[in-house]
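In: give me coordinates for this.
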Amino acid sequence: MNQPSPLETLAAYAITFVAGALATVCVAAYGRWMKAQGRVPDQSVQV
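Out: Numbers count the residues shown, from 1 in each chain. Okay, here's the model as predicted:
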């Protein structure tokens, strides 16, 4: 079986980490933008 090199594994983890961090930043920015627009989450849905 073909074993991936340690550098390839490290690159995969780094790419995944950067993608997760970018997604977190984008979701936070979207939340701030929504708040600036005066929109709030719908409170009528009870969980």
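In: mind listing the helices for the protein?
Out: 6-36 (DSSP state H).
In: pull the number of nearby residues for Met34.
Out: Each residue near Met34 was counted by other CB atoms under 10 Å, and the total is 12. All C-beta atoms are positioned from the backbone trio N, CA, C, and that covers glycine.
In: do the same with the one 4 residues further on
Out: By other CB under 10 Å, the residues close to Gly38 number 6.
In: gap between the residue nearest the centre of the chain and Leu10?
Out: Centroid-nearest residue in the chain, with CA atoms, centre = their mean: Ala23, separated by 2.4 Å. From Ala23 across to Leu10, the span is 20 Å (CB to CB, to the nearest Å).
In: where does this structure dip in pLDDT?
Out: In the predicted model, the chain carries pLDDT under 70 at residues 1, 40-47.
In: one more pass at 80, please.
Out: Where the chain drops to pLDDT under 80, the residues are 1, 39-47.
In: what about Gly20, how many neighbours?
Out: Residues lying near Gly20 (other CB under 10 Å) number 10.
In: and it, how far from Gly38?
Out: For Gly20, the distance to Gly38 (CB to CB) stands at 30 Å.
In: ok, Val25 next?
Out: For Val25, the distance to Gly38 equals 22 Å [CB to CB].
In: and what of Ile15?
Out: Per CB to CB, Ile15 is found 37 Å from Gly38.
In: then Cys26?
Out: According to CB to CB, Cys26 stands 21 Å off from Gly38.
In: for Leu7, same thing?
Out: Distance of Leu7 to Gly38, computed by CB to CB: 49 Å.
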